[in-house]
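Chemist: Give me a model of this one.
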Amino acid sequence: MPTTVVDALAGLPKRSDRGFRFRALDGSEHRYSWGELEIEATRRARLLMGLGLHKGDRVALVLAEPHEFVLTFLGAVLGGIVPVPIYPRASFRAKNAYVDTVVHIVNAAGARVLVTLGATRPVIDEVVQAGAKLEQVVAIEELLQRAEGTAQLATVRPDDLCFLQFTSGSTSLPKGVMVTHRSVVANGLAFLGPAGAKRFDDDVALTWLPLFHDMGLIGFVLGTMMTDLPTVLLPTESFARRPTMWMQAMSDYKASITFAPNFAYALAAKRSRDKDLEGLDLSRVRVAGCGAEPISASVMRGFVQRFASAGFREEALLPGYGMAEATLAITFHPQGTKLVTDRVDAKSMREGHAVPAREGAAEVLELVSCGVAFPEHEVAIVADNGTRLPERRVGEIIARGPSVTAGYFENPEATATTYKDGWLHTGDLGYVADGNLYVCGRIKDLIIIRGANYYPQDIEWAVAEVPGVRRDNVVAFSTMRGDEEVLIVAAEGNSSDAAELRKAIAARVGEASGVAPSHVAIVRVGSLPKTSSGKIQRRRTKQLHEAGLLEEHG
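Modeler: Down below sits the predicted model:
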């Protein structure tokens, strides 16, 4: 059993038919068998060392080309250098915010060198001008033309840093999670390997997820590599342009394993047309994981119904729960079993009790089970004072096990707040019922009005069903007005529909939650702030609203 990523790569079979396939937007492919991957990563390790980088030094990577990112990332890892993945700029919007975020990550990581593409060098030059404390910025094209050198690679040990995974920044500035080789191996083998999952020799994994973030990087680069799982890596832009290409690619490559957030399943089902299903074969899909954000039961069922005619089975759905501080995943629904949901009384949930709803009850919340903890891992629910709570009581989710990371890089205060007595305090609310974990949302996002608890995603999901509202572009939060807390809902929509949308949203929120929003803001499409991984920033939206900077349609 490998103890480091370096061991894992060295121990893989050097068969030509197993490795990574990177598909570009134009349909061309770069293929690397495990043996070719090791050779090229070793070459890049020496090239990085030729820049003066030593074991433990940090190198920031802003590489939009997936194959260049993966090969350079693994090169750093093989050389004992600590890669810091940073998301490439996706659009021309919010340029200043992007520059500020990259400056923060580079300086917080103490990165000495940043490697990027020649095409993105100009924006990185702006990052340097804005205060990034870098010694060198190197274009990958230039780096690859240098002489390799013969330097001896450093010895890498299980407790050495493998890489720094910066959090998405949905509730605070991104923090650098210290991911060791030991925690990567433990997590990868728990959710993809022999310890916690069935594997078949003809399995093929496929993803379009961004590789700079934990689900794409750990799930479909490090995890699949460590478990000898051939993997197809598609450009993220291809999903953004045409969501149904995900299902078409699964069919074309005869893929059996994929993962994505809840919004992707909703979008793929919504954007598919009947003709997209013609000739589609999803019968080989046996694991369709879902995580990274709250999971909607109606979205999961809608996806199954939409693609059932193509052979997709409900048993393939695999909801899970995790976070960067636990490397990636913490719990998974058992493979090959049908979706499990819990219908609870909405009024009781506002008081922190997940009471099963009576038949015909008017106000019901349906939550999706995220399964059980991995082997050698443990999950518990605690109250504000740290005491354990029984089943069906809502509290903070805490976790411990070998996948839990070493804390935040050079941030002892944040580490002490999140990692206590061997437990990771996730900051998420949830409960356990019949041994299954149900996730309610972030503690910091909880809306409390007149002593009752409201979970923002429940309100957001309800509003997303209103015609004219863009799904996954709705934010619910509370703010003080006078002496009381009030509910605000912001949604993206067209200016011509603003007045009617406000009325429809207010009515829908009242029906779904029993509370009337104090204000409904209709904002222009694409204006709600999001993290690098596409999560809505509720706190930032609230700040903009309170400062009068949330631009609303009249």
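Chemist: domain ranges for the protein?
Modeler: 5-214, 242-442, 447-546 (automatic domain parsing).
Chemist: ok, of these, where does mean pLDDT dip lowest?
Modeler: Note on the domains of the chain: domain 447-546 shows the lowest mean pLDDT, a mean of 86.
Chemist: Quote the end-to-end distance of it.
Modeler: 16 Å (C-alpha to C-alpha, to the nearest Å).
Chemist: re the thing from before, mean neighbour count and distance to His553 for the domains of the chain - can I get that in TSV?
Modeler: In short, each C-beta sits where N, CA and C put it, glycine included. Below are the domains of the chain laid out as TSV (neighbours: other C-beta atoms under 10 Å; distance: least, C-beta to C-beta, whole Å):
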stretch	mean neighbour count	distance to His553
domain 5-214	19	18
domain 242-442	19	23
domain 447-546	18	4
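Chemist: Out of those domains, the one nearest Phe220 is which?
Modeler: domain 5-214 (4.2 Å; C-beta to C-beta).
Chemist: hang on, the earlier thing: which stretch among the domains of the chain approaches Met226 most closely?
Modeler: domain 5-214 (4.2 Å).
Chemist: Turn the domains of the chain into a markdown table, including distance to Val221.
Modeler: Output for the domains of the chain, formatted as a markdown table (distance: least, C-beta to C-beta, whole Å):
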| stretch | distance to Val221 |
| --- | --- |
| domain 5-214 | 6 |
| domain 242-442 | 11 |
| domain 447-546 | 16 |
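Chemist: Which one, of those, ends up nearest to Thr224?
Modeler: Of all those, domain 5-214 comes closest under C-beta to C-beta, at 5.0 Å.
Chemist: how long is the closest one end to end?
Modeler: 15 Å.
Chemist: Over to stretch 141-157?
Modeler: 31 Å.
Chemist: contacts for it?
Modeler: The contact list for stretch 141-157, computed with C-beta atoms under 8 Å, 6 or more residues apart in numbering, reads 4-6, 42-51, 54-55, 77-80, 115, 117-118, 181.
Chemist: taking those residues one by one, which sit in helices?
Modeler: 5-6, 42-49, 77-78, 181 (DSSP state H).
Chemist: can you list those residues in CSV and add distance to Ala326?
Modeler: Shown next, in CSV, are the ones in helices among the contacts of stretch 141-157 (distance: C-beta to C-beta, whole Å):
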residue, distance to Ala326
Val5, 17
Val6, 22
Thr42, 30
Arg43, 33
Arg44, 29
Ala45, 28
Arg46, 33
Leu47, 33
Leu48, 28
Met49, 31
Val77, 20
Leu78, 25
His181, 16
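Chemist: Go through these and name the one nearest Glu484.
Modeler: Checking those one by one against Glu484 (C-beta to C-beta), the nearest turns out to be His181, at 51.0 Å.
Chemist: For the closest one, which non-adjacent residue is spatially closest?
Modeler: Thr4 (3.9 Å; C-beta to C-beta, 6 or more residues apart in numbering).
Chemist: Could you pull out the helices in the stretch 251-400 of the chain for me?
Modeler: 262-271, 297-307, 346-350 (DSSP state H, counting those that start in this stretch).
Chemist: Next, format those as CSV and append distance to Ala111.
Modeler: Below are the helices of the stretch 251-400 of the chain laid out as CSV (distance: least, C-beta to C-beta, whole Å):
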stretch, distance to Ala111
helix 262-271, 31
helix 297-307, 38
helix 346-350, 44
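Chemist: So for Pro334, which of the ones you listed sits nearest?
Modeler: helix 297-307 (15.4 Å).
Chemist: Helix, strand, or coil at Gly223?
Modeler: helix (DSSP: H, G, I helix; E, B strand; the rest coil).
Chemist: and the residue lying closest to it once chain neighbours are set aside, how far is that from His181?
Modeler: Take Gly223 and drop its neighbours on the chain: the residue closest to it by C-beta to C-beta, 6+ apart is Gly188, 3.8 Å away. Applying C-beta to C-beta, to the nearest Å, the value for Gly188 to His181 is 11 Å.
Chemist: Equivalent analysis for Ala516, please.
Modeler: Between Ala516 and His181 the distance is 52 Å, computed by C-beta to C-beta.
Chemist: List the single closest residue to Cys235 in space, sequence neighbours excluded.
Modeler: No, residue 235 isn't Cys; it's Pro. Nearest to Pro235 is Leu25, by C-beta to C-beta, 6+ apart, at 5.1 Å.
Chemist: how about the one you found, phi and psi?
Modeler: phi -60, psi -30 (degrees, to the nearest 10).
Chemist: Surely it and Ser238 touch.
Modeler: Yes - if you go by C-beta atoms under 8 Å, Leu25 and Ser238 touch, sitting 6.1 Å apart.
Chemist: ok, Asp345 to Arg112 distance?
Modeler: Counting by C-beta to C-beta, the separation of Asp345 from Arg112 is 56 Å.
Chemist: tell me the residue furthest from the middle of the chain?
Modeler: Most distant from the centre of the chain: Thr150, at 37.8 Å, with distances by C-alpha atoms, centre = their mean.
Chemist: Looks to me like that one is in a helix.
Modeler: No - in this structure, Thr150 is coil, not part of a helix, as judged by three-state DSSP.
Chemist: returning to that earlier point: between the ones in helices among the contacts of stretch 141-157, which is nearest Lys338?
Modeler: Set against Lys338, the nearest of the ones in helices among the contacts of stretch 141-157 by C-beta to C-beta is Val5 (34.9 Å).
Chemist: my guess is that closest one meets His181, correct?
Modeler: Yes - in this structure, Val5 is within contact of His181 by C-beta under 8 Å, at 5.6 Å.
Chemist: which residues do the two both contact?
Modeler: With C-beta under 8 Å, 6+ apart as the test, Val5 and His181 both reach Val156, Cys162.
Chemist: Can you give me the neighbour number for Phe220?
Modeler: Neighbour count for Phe220, taken as other C-beta atoms under 10 Å: 26.
Chemist: give me every residue that touches the nearest residue to it once chain neighbours are set aside.
Modeler: Once flanking residues are discounted, Phe220 sits nearest to Thr207: 4.2 Å by C-beta to C-beta, 6+ apart. Neighbouring residues of Thr207 by C-beta under 8 Å, 6+ apart: Gly216, Gly219, Phe220, Thr231, Val232, Leu233, Leu234, Thr258, Phe259, Ala260.
Chemist: who does Thr207 bridge with?
Modeler: Leu233 (DSSP bridges).
Chemist: Please tell me how far it sits from Asp57.
Modeler: 29 Å.
Chemist: I figured Pro334 hits Gly371, correct?
Modeler: Yes - counting by C-beta under 8 Å, Gly371 is a contact partner of Pro334 at 6.3 Å.
Chemist: show me what contacts Ala264?
Modeler: Applying C-beta under 8 Å, 6+ apart to Ala264 gives the contacts Phe239, Pro243, Trp246.
Chemist: Next, count neighbours for the first one.
Modeler: Meaning Phe239. A count of neighbours around Phe239, defined by other C-beta under 10 Å, yields 21.
Chemist: which residue packs closest to it, ignoring adjacent ones?
Modeler: Going by C-beta to C-beta, 6+ apart, Phe239 has Trp208 as its nearest residue, at 4.2 Å.
Chemist: Test my guess that that neighbour contacts Ser238.
Modeler: Yes - using C-beta under 8 Å, Trp208 makes contact with Ser238 at a distance of 6.1 Å.
Chemist: Kindly point out which residues are neighbours of both of these two.
Modeler: By C-beta under 8 Å, 6+ apart, the residues touching both Trp208 and Ser238 are Met245.
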